[in-house]
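Trainee: got a predicted structure here, sequence first:
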Amino acid sequence: MSAELIFVVALLAAAIVMFAINKPRMEIVALLVMLALLLSGIITLPETLAGFSDPNVILIAFMFVMGEGLARTGVSYRMGDWIVKRAGLSATRLIVLLMLGVATLGSIMSSTGVVAIFIPVVLSVAKKLRISPRMLMMPLSFAALMSGTLTLIATSPNLVVNAELINHGHAGFGFFTFTPFGLVILAVGIGYMLIARRWLRGGGDPDDDLISQRDYGDLISDYELAGRERRMRVGRRSELVGRTFTEGTAGEAGLVMALIAIQRTRQFYRVVITDVANETLMRGDILLVDVVDQPEDAGAVFGRLGLEELPLREGSLRALARQVGLAEVIIPPGSTALGKTVGELELRSRHRLDVIGFRRAGAAARRPADETVRSGDTLLVVGGWAAIRRLQLRQRDFVLLDFPAEVAEIAPAANRAPFALGSLFIMIVLMVTDFVPNVIAALIGCLLMGATRCIDVPSAYRAIQWQPLLLIVGMLPFATALERTGGVDLAAQGILSVVGGAWPPVILGALFLITTLTGLFVSNTATAVLITPLALAMASSLHASPYPFAMTVALAATSAFITPMSSPVNTLVIGPGRYTIGDFVRVGAPFNLIVMLIVMFMVPLLLPF
């Protein structure tokens, strides 16, 4: 091994470790790797920046915009409503229709976005059928992953593999080349989940997992908020009169309180104020506060502030439920909240909501404001119902759980749905007929979405998820460096020395297994970037067609069923499904093996060596 190859392999090992521990963020790791390769002199500046001009990177960005257009016009939500209506009270029919619907949508828009849309739908149906969400959330995520096997544009790994084929002088895959494999995998996957759902029932009383019984009391218990609620009256001589709550309590060291609502008497009636950030307090106001932390002499502090403690009525929050909203939100992958503390999110100033609870992997935190946000964390927010509804429009950053949203607010351009479908149809026709390159077809679709007001410019910019794009841009030079230093050929020869003379399905099975094992530590997109050159080198050494090898990598990279860290869609369902890593291994590993067998025997049949 040359010194350059040793350096590249060491850099790859370091990147895998950082990917596995998720520190720093994946896209930052990819950019650091790109910089290290440039400074080492292994790749040139144009090769370093080649990813920024890669048509497939631009195509992925356009597909995020198309998906947002479908969401804003309510196309995706209407499919959810249709599934609920058709499923009736049958859990089996629900799983079949749910997986078919999610896979269909995921084949033309971001699978992460599809899962974010369907989580509230699934929770609502779980209530109606009185079944545990554990039995529905994993079929949801698995269907979203399987959607990536249906079309060329369904997922980033497909486009990465296709780009590598073109870069090596081969014709790319067609729009529907993946479809026969995807349909078989989806059909088998639906049947498998109808059986495997029994492994997700959970222990103890089956009613324990039902979200239909979760009320304010359950949420307070789950987030360990009992004992923190206080009712206080602003006294006549209180120094808080004429000031906001934040201004009045800012100087009290050791006292950490969040004002939830103000009850104010106006002549013959009482009002409840939930937008309290800039509300000036008046004499006689009754404050409902969440005391996160307090000094030992809390009574003296309250007295000094002129606050009179009142008896705590049973279920004070529950009594104000019509005015004071309480809801759980989950942090999705790619959220702008990642890496910030809860306090730095500034939900009060930006969204008129307070975070009073924080949970990670089922464990509640005492001081939410100090916690650094990670993907899959759940927050308990409190505020006016209108503010909570508005937060639902920010699905890229916060996914609301179990909230009966109004279609008009979720789909602000609902009356433009026919135009959205027309734009999508035109884009797909252009791609299938190869009338224009795929990236131009997607651009035309986005422009049609904008021209027909299915999406506006700010929404289009917000729809683009920069993390996967930067990940691809940063990892593409890595693949170039591995090829240039001989690492790809060395790895290919090592694999072929073991299985080179074997039956073709065995060779593809070994490649599938290598891709799957790599995907346990890095994202499926990065896996496709790293393994595709290896697959093409194997094909070249065997003087075989590159297509079965490339297809195997694409299908294996998409089949990220084994751990919740392998794909963002798995991460999204951990909280609402109350899953553990063991749940994914128990259900995902056997299915990954089944998909491997399908690929081993079906790929060489349709794409001969």
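Mentor: Yes, it's here.
Trainee: can we go C-alpha only for contacts and neighbour counts from here?
Mentor: Will do.
Trainee: for the chain, which segments count as strands?
Mentor: Applying DSSP state E to the chain gives strands spanning 229-234, 256-266, 269-273, 286-293, 307-309, 324-330, 353-360, 363-364, 378-384, 399-401.
Trainee: tell me how this protein divides into domains.
Mentor: 3-25+36-41+484-606, 215-401 (automatic domain parsing).
Trainee: so Lys127 versus Leu136, what's the distance?
Mentor: 12 Å (CA to CA, to the nearest Å).
Trainee: give me the more crowded residue out of the two.
Mentor: Leu136 (26 against 17; other CA atoms under 10 Å).
Trainee: quick one: closest of the domains of the chain to Met66.
Mentor: domain 215-401 (14.5 Å; CA to CA).
Trainee: surely Thr515 and Ile531 touch.
Mentor: Yes - taking contacts as CA atoms under 8 Å, Thr515 lies within contact range of Ile531: 6.5 Å.
Trainee: touching both of those two, which residues are there?
Mentor: Val553 (CA atoms under 8 Å, 6 or more residues apart in numbering).
Trainee: compare the two (neighbour count), which wins?
Mentor: The residue with more neighbours, out of Thr515 and Ile531, is Thr515; 27 against 23, by other CA under 10 Å.
Trainee: thinking again about what came up before, what's the least confident stretch among the domains of the chain?
Mentor: Here the lowest mean pLDDT among the domains of the chain goes to domain 215-401, at a mean of 75.
Trainee: Ile185 reaches Val595, doesn't it?
Mentor: Yes - at 6.6 Å, Ile185 counts as touching Val595 under the criterion of CA under 8 Å.
Trainee: distance to Pro418 added to the strands of the chain, as a markdown table?
Mentor: Shown next, in a markdown table, are the strands of the chain (distance: least, CA to CA, whole Å):
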| stretch | distance to Pro418 |
| --- | --- |
| strand 229-234 | 49 |
| strand 256-266 | 42 |
| strand 269-273 | 41 |
| strand 286-293 | 47 |
| strand 307-309 | 57 |
| strand 324-330 | 31 |
| strand 353-360 | 35 |
| strand 363-364 | 45 |
| strand 378-384 | 34 |
| strand 399-401 | 26 |
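Trainee: wait, which of those is closest to Ile581?
Mentor: strand 353-360 (13.6 Å).
Trainee: just give the number of residues close to Glu229.
Mentor: Neighbour number of Glu229 under other CA under 10 Å is 19.
Trainee: now do the contacts for it.
Mentor: 288-291, 312.
Trainee: buried among those residues? Make that a PyMOL selection.
Mentor: A single PyMOL command selects the buried members of the contacts of Glu229 (16 or more other CA atoms under 10 Å):
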select buried, resi 288+289+290+291
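Trainee: which of the contacts of Glu229 lies closest to Ser132?
Mentor: So of these, ranked by how close each gets to Ser132 (CA to CA), first place is Asp290, at 30.9 Å.
Trainee: what's the distance between the closest one and Val382?
Mentor: 10 Å.
Trainee: and for Ser111?
Mentor: When Ser111 is compared with Val382 (using CA to CA), they lie 29 Å apart.
Trainee: could you do Gly357 as well?
Mentor: 9 Å.
Trainee: ok, now Thr525?
Mentor: For Thr525, the distance to Val382 - CA to CA - is 37 Å.
Trainee: try Ala50
Mentor: 46 Å.
Trainee: related to what we said a few turns ago, so what sits against both of Asp290 and Val382?
Mentor: Counting by CA under 8 Å, 6+ apart, the contacts common to Asp290 and Val382 are 260, 356.
Trainee: ok so, going back, more crowded one of Ala50 and Val382?
Mentor: Comparing Ala50 with Val382 by other CA under 10 Å, the one with more neighbours is Val382, at 25 against 14.
Trainee: so that one sits right up against Arg348, yeah?
Mentor: No - taking CA under 8 Å as the definition, Val382 is not a contact partner of Arg348, at 9.8 Å.
Trainee: overlap in contacts of these two?
Mentor: In contact with both Val382 and Arg348: Asp354, using CA under 8 Å, 6+ apart.
Trainee: list the buried ones in stretch 52-63?
Mentor: Neighbour-count burial for stretch 52-63 [16+ other CA under 10 Å]: 52, 55-63.
Trainee: how much space between the spatially closest residue to Met538 that is not a sequence neighbour and Leu165?
Mentor: Spatial nearest neighbour of Met538, chain neighbours left out: Ala492 (5.2 Å); criterion: CA to CA, 6 or more residues apart in numbering. Separation of Ala492 from Leu165 (CA to CA) stands at 17 Å.
Trainee: contact partners of stretch 514-531?
Mentor: Contacts for stretch 514-531 (CA under 8 Å, 6+ apart): 16-17, 19-20, 156-157, 160-161, 468, 471-472, 475-476, 478-479, 553-554, 556-560, 562-563, 565-567.
Trainee: contact partners for Gly445?
Mentor: Contacts of Gly445 (CA under 8 Å, 6+ apart): 66, 423-424, 426-427.
Trainee: between these, which sits nearest Arg231?
Mentor: Of the contacts of Gly445, the one sitting nearest to Arg231 (CA to CA) turns out to be Met66, at 48.5 Å.
Trainee: number of nearby residues for that closest one?
Mentor: The burial count for Met66: 31, using other CA under 10 Å.
Trainee: for it, which non-adjacent residue is spatially closest?
Mentor: That would be Cys446: by CA to CA, 6+ apart, it lies 6.0 Å from Met66.
Trainee: list the contacts of that neighbour.
Mentor: Contacts of Cys446 by CA under 8 Å, 6+ apart are 62, 65-66, 423.
Trainee: Val595 too?
Mentor: By CA under 8 Å, 6+ apart, the residues touching Val595 are 185, 559.
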